[in-house]
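Asker: One predicted model, sequence on top.
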Amino acid sequence: MSYITRRALSTLIPPKVASPSGLGAAQDAVRMKRVVEFYEKLPRGAAPATQAKGFGARYRAKHFSGKNASATPIIHAVAGLVLLGYAQNYYFHLRHHKNNAH
């Protein structure tokens, strides 16, 4: 086996660590017990439904969720664009023509 192949395979095989006292299994058992205790403390079952907080989250929950999906956001977007367009027209053009004075 070439040096390169041996080096590549050595990363796949864990090193053999000899414990000085020969009690490696007991340390692993304690570590495993801690892991099991940690997982026993975690909550089980489905996560509780979270309440939407903030304007965007409430809007998304109301109009985009599966059972309540509707076309209302499209209407809101069109109305918002119309209002934005009028505001721009007023600022850049209409405010100079107050009371039809040219």
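Answerer: On my side now, so go ahead.
Asker: biggest helix in the chain, by residue count?
Answerer: Taking DSSP state H as the criterion, the chain has its longest helix at helix 72-92.
Asker: what separates it from the chain centre, distance-wise?
Answerer: 31 Å (Cα atoms, centre = their mean, to the nearest Å).
Asker: How about residues contacting it?
Answerer: 59, 63-64 (Cβ atoms under 8 Å, 6 or more residues apart in numbering). From N, CA and C alone the C-beta is placed, and that goes for glycine too.
Asker: redo that, cut-off 7 Å
Answerer: residue 63 (Cβ atoms under 7 Å, 6 or more residues apart in numbering).
Asker: Which parts of this structure are helices?
Answerer: 3-10, 24-41, 55-63, 72-92.
Asker: ends of stretch 48-66, how far apart?
Answerer: 18 Å (Cα to Cα, to the nearest Å).
Asker: what about that stretch, average pLDDT?
Answerer: If you average the pLDDT over stretch 48-66, you get 85.
Asker: repeat for stretch 94-102
Answerer: 67.
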